[in-house]
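[1] Build me a structure from this.
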Amino acid sequence: MHGVFFMAAFTSILSLVLIVIFIFTNGLPMMFEYGLTDFIFGTTWNRTTFGLLPMITGSILVTLGAVGLGVPIGVMTAVFMAEFCPKRLYAFLKPAVNLMAGIPSIVYGFFALRIIVPQIRGIFGGPGNSMLAAILLLAIMILPTVISLSEAAIRSVPRSYFSGSMALGASHERSIFSVVVPAAKSGIFSSIVLGVGRAIGETMAVVMVAGNQPLMPRGLTEGVRTLTTNIVMEMAYASGQHRDALVATGVVLFVFIMIINTTFLIMKTKEAK
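    The predicted structure is shown next:
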C-alpha cells in the first residue's frame with residue numbers, strides 16, 4: 001500500500017509538472033520574442049497584435065465581483081445550514097446544494113443567457129451580454145463550493161466551543177458568530193480560495209454571457225473578455241504566432257492563479273499565527 005500511495009502522489013505531481021513544462025516551453029518564447037511588456041500591457045488584440053491587458057483586467061474585475069457577491073451569500077448559507085436550518089428543510093437543501101455542484105457549466109450558461117441577460121437588457125438597455133451578467137453567473141456558480149466546504153468546516157468545530165460560550169452567558173447567535181465561525185475560519189478560507197479558482201477558471205458559461213469584446217472594460221453593462229474565454233474563442237482557427245500568443249495567455253493565467261493562491265496562503269499562515 002505504501003507503493004500504491006507513492007505512485008498515486010507521484011502521478012499527480014508528474015501531471016502538474018508536464019502541464020507546466022508544456023505551457024511554459026510553448027508560451028514563454030513567444031512572450032519574449034514579441035516583447036513581454038507589449039504583451040502584458042498592450043491594449044489591442046487581433047490576429048497580428050497581441051495586447052493582453054484588456055483580458056487581464058476583465059478577469060480581475062469579473063472574479064472580484066463574483067467573489068464579493070458569492071462568498072458572503074455562501075458563507076451565510078453555510079452558517080444557516082450548519083446551525084439554524086430545520087431538519088426537514090436541511091433534507092431538501094443539502095441535496096440541492098450538491099446538485100448545483102454537479103450541474104455542467106454550459107447549463108449555467110444557458111440559464112444566464114435566458115434569464116440574467118434579458119433582465120439586464122430590460123433594466124439597463126443594450127445587448128445584456130456584459131460584465132454584470134458574467135459576475136452574477138459566476139457568483140451563482142461558486143456558491144456550491146463555498147457552501148459545502150464552509151459548512152463542513154463549521155461542523156468540524158468541537159461542540160464544546162459552542163457549549164462553553166453558551167455557559168458563559170452568550171446568546172445563540174453570538175456564540176456562533178463570535179466563537180464557532182472564527183474557529184472554522186481556516187476551512188472557510190479554503191472554500192474562498194477554491195471559489196476564486198472556480199471563478200477565474202470558468203470558460204464556457206462566461207463565453208455565453210460576457211459579450212467577449214477584447215477591449216478595456218468600460219462599465220458593468222458593457223461587454224468584457226476574460227483570459228480563459230480569449231483562449232477558447234480563438235484557438236480553433238489560430239495558427240503560427242497567433243496560436244503561440246494564445247498558449248502564452250495560458251502562461252499568464254497560470255502565473256495569475258499561482259499569485260492568488262500564494263497570496264491567500266500567506267494570509268492564511270499569518271492568521272494561523
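[2] for the stretch 151-273 of the chain, which spans come out with low pLDDT?
    270-273 (pLDDT under 70).
[3] What are the boundaries of the helices in it?
    159-167, 172-175, 181-183, 185-201, 204-209, 227-234, 241-272 (DSSP state H, counting those that start in this stretch).
[4] now these in JSON lines, with distance to residue 37?
    The way it works is simple: take the backbone N, C-alpha and C, and place the C-beta from them, glycine included. Output for the helices of the stretch 151-273 of the chain, formatted as JSON lines (distance: least, C-beta to C-beta, whole Å):
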{"stretch": "helix 159-167", "distance to residue 37": "52"}
{"stretch": "helix 172-175", "distance to residue 37": "53"}
{"stretch": "helix 181-183", "distance to residue 37": "44"}
{"stretch": "helix 185-201", "distance to residue 37": "23"}
{"stretch": "helix 204-209", "distance to residue 37": "27"}
{"stretch": "helix 227-234", "distance to residue 37": "18"}
{"stretch": "helix 241-272", "distance to residue 37": "13"}
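[5] So which of the ones you listed is the most surrounded?
    Mean neighbour count (mean count of other C-beta atoms under 10 Å) peaks for helix 204-209 among those, with a mean of 24.
[6] And the helices of the stretch 151-273 of the chain: which comes nearest residue 133?
    Nearest to residue 133 among those is helix 204-209 (4.2 Å), distances taken as C-beta to C-beta.
[7] For residue 75, which of the helices of the stretch 151-273 of the chain is the nearest?
    When the helices of the stretch 151-273 of the chain are compared (using C-beta to C-beta), the closest one is helix 185-201, at 6.1 Å.
[8] count of neighbours near residue 171?
    Residues near residue 171, counting by other C-beta atoms under 10 Å, number 11.
[9] For residue 41, find the nearest of the helices of the stretch 151-273 of the chain.
    Of the helices of the stretch 151-273 of the chain, nearest to residue 41 by C-beta to C-beta is helix 241-272, at 11.5 Å.
[10] Surely residue 261 touches residue 194?
    No: applying C-beta atoms under 8 Å, one finds residue 261 not in contact with residue 194, separated by 10.0 Å.
[11] returning to what we had before: nearest to residue 101, out of the helices of the stretch 151-273 of the chain?
    For those, the distance to residue 101 is smallest for helix 185-201, at 10.0 Å, taking C-beta to C-beta.
[12] what's the angle between the closest one and helix 241-272?
    If you take axes from the mean of the first three to the mean of the last three C-alpha atoms, to 10 degrees, helix 185-201 sits at 170 degrees to helix 241-272.
[13] Would you mind pulling the contact partners of stretch 87-106?
    By C-beta atoms under 8 Å, 6 or more residues apart in numbering, the residues outside stretch 87-106 that reach it are 77, 81, 85, 141, 143-145, 147-148, 202-205, 208.
[14] Tell me the most packed of these, by neighbour count.
    Of these, with other C-beta under 10 Å as the count, residue 147 tops at 29 neighbours.
[15] What pLDDT does the model give that one?
    Looking at residue 147, its pLDDT reads 94.
[16] Show me which positions of the helix or strand harbouring residue 60 end up buried.
    Element membership for residue 60 (DSSP states H and E) is helix 53-79. For helix 53-79, the neighbour count (16 or more other C-beta atoms under 10 Å) marks 54-63, 65-67, 69-71, 74-75, 77-79 as buried.
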